[in-house]
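Participant: show me how the following folds:
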Amino acid sequence: MTASDQPLVQGDVADGFGRVADVFRDNFATRGEVGAGLAVYVDGRPVVDLYGGLADPRTGRVWQRDTPAVVFSCTKGILAVCAYLLVQSGRLDLAAPVTRYWPGFGRNGKADIVVRDLLTHRAGLPALDRDLTREQVLAWEPVIAAIEEQTPLWQPGTAYTYHALTYGWLVGEVIRRVTGVPVGEFFRDTLAGPLGLRTWIGLPAAERDSVAWTLAPPDNPVSYPDRVSERSLTMGGAFDFPADAAGLVSFNDPAVQAAEVPGAGGVSSAAGLARLYAACVAPVAGPPLLTTASVDDAVVVRSQGRQRYGGPDAGQRWGTGFLLGSPRIRPMLGDRSFGHDGAGGHLGFADDRYRVGFGYVLNQMGPADDDRANRLTAALRDCLD
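Facilitator: Predicted coordinates for the structure are as follows:
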């Protein structure tokens, strides 16, 4: 079955997955979709590969099969896959103090923080006291220096708050210390290259013109529940989140896309996310990347409920580095689903029960109650059950 009968939407859908294509089309008709891509793998093979709309409404550039977009916090899940690979190879211990790998981290009350605390948003470091310019943030080392001097905002391990941007430097620096190379390079050489992914942490200059232009959500600007949340989401003002007063999204900046911002700055096509997650749980370019023990560990809920800072509990269930299937806000396929969503509506995840890899990317950031991804995963669940 092809999906080319609808003017906006192109691509391919395997028999039995037509309901997913119907919902993908309907997101354009009823949910304000501008441009998007959707890919699903089952048992290591693609069963959905859809794309449509405009990648850049300013110029009329259309969305292609391999169009990438800034996927915001989906990048956190990519880092988590990298971390689990290091655990499996014996190079990283989630229960070890961070100082085993990053000695300077231990200053000012951080000596007892363990690696898993970084991946579960329990380190007490969601925001930094030091003001940094965007140029300093993109340079990496100034953020690392600020983290080393930072005092946790609560006793680490006793509470959680989503580490919206600092997660990337916290986990990324551990990976850099373990491997000896920047996290974007490690991901490229270990995963993106071997799997043939159009996914980057640090976009190559040659790909700049292929990236979709991200549009601000209709409820921009947002109000922040507290000062810590504001500093967390904007990296102390280095970025406008979700966009500035004129509606310009900071992550459209070529300098931001080229830098390594591994908590939110990854760029990927839909197939890139889907193929990565498919490879975690099924043969894609060899045996599954993650062992059964790793997946069992990944889907254990480590943080949930009311955050120390932030708005009311929305129902997220956090594993180690991954957002888990969360019935109230992000159901995915169930309690064996693990991945991450991204600001505006992006979603990538795996599920070893269904042996699925899922990737959905877009350029029109949605409002707080956006349901486009959830509608797609509900349709996929119907097709699989």
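Participant: so what's the nearest residue to R302 once chain neighbours are set aside up against?
Facilitator: Nearest residue to R302 in three dimensions, chain neighbours excluded: T120, at 4.1 Å (CB to CB, 6 or more residues apart in numbering). Glycine gets a C-beta too; all of them are placed from N, C-alpha and C. By CB atoms under 8 Å, 6 or more residues apart in numbering, the residues touching T120 are Y160, R302, S303, W318, G319, T320, G321.
Participant: and with 6 Å instead?
Facilitator: R302, S303, W318, T320 (CB atoms under 6 Å, 6 or more residues apart in numbering).
Participant: how many other residues sit next to the third one?
Facilitator: By other CB atoms under 10 Å, 20 other residues sit near W318.
Participant: just the pLDDT for it.
Facilitator: Note on W318: pLDDT of 98.
Participant: likewise P126?
Facilitator: P126 is given a pLDDT of 98.
Participant: quick one: contacts for it?
Facilitator: T161, H163, S232.
Participant: ranking those residues by neighbours, who comes first?
Facilitator: Most surrounded of those: other CB under 10 Å gives S232, at 26 neighbours.
Participant: continuing past the host helix or strand of it, what's the next helix or strand?
Facilitator: Secondary structure from DSSP states H and E places S232 in helix 227-234. Next along the chain after helix 227-234, taking DSSP H and E as the criterion, comes helix 254-258.
Participant: let me see the mean pLDDT of that following helix.
Facilitator: Rounded mean pLDDT across helix 254-258 is 98.
Participant: send the alpha carbons of it over as CSV?
Facilitator: Output of helix 254-258 as CSV, limited to C-alpha atoms (Å, rounded to 0.1, in the frame of the first residue of the first chain):
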residue,chain,number,x,y,z
PRO,A,254,23.0,27.4,12.8
ALA,A,255,25.5,27.9,15.5
VAL,A,256,23.3,26.1,18.0
GLN,A,257,22.6,23.2,15.6
ALA,A,258,26.4,22.9,14.8
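Participant: buried stuff in it?
Facilitator: Within helix 254-258, the residues that qualify as buried are V256, Q257, A258, counting by 16 or more other CB atoms under 10 Å.
Participant: what of stretch 123-135?
Facilitator: By 16+ other CB under 10 Å, the buried positions in stretch 123-135 come out as A123, G124, L125, P126, A127, L128, L132, R134.
Participant: for the fifth one, which non-adjacent residue is spatially closest?
Facilitator: What it means is A127. R231 (3.8 Å).
Participant: number of residues surrounding D66?
Facilitator: 13.
Participant: list the contacts for it?
Facilitator: D66 makes contact with R198, S269, according to CB under 6 Å, 6+ apart.
Participant: can you confirm it is in a strand?
Facilitator: No: counting by DSSP: H, G, I helix; E, B strand; the rest coil, D66 falls outside a strand, being coil.
Participant: so it versus L197, what's the distance?
Facilitator: Distance of D66 to L197, computed by CB to CB, to the nearest Å: 10 Å.
Participant: go on, E141?
Facilitator: E141 is 27 Å from L197, by CB to CB.
Participant: these two: who's more crowded?
Facilitator: Set E141 next to L197 and count neighbours by other CB under 10 Å: L197 wins out with 23 against 10.
Participant: what about the more buried one, which SS state?
Facilitator: L197 - assigned by three-state DSSP - is coil.
Participant: what bits of this protein have low per-residue confidence?
Facilitator: For the chain, the stretches flagged by pLDDT under 70 are 1-7.
Participant: tell me which residue is most central in it.
Facilitator: The chain has C74 as the residue nearest its centroid, 0.9 Å off, counting by CA atoms, centre = their mean.
Participant: what sits against it?
Facilitator: Taking CB under 6 Å, 6+ apart, we find C74 in contact with H340, G342, H346, G348.
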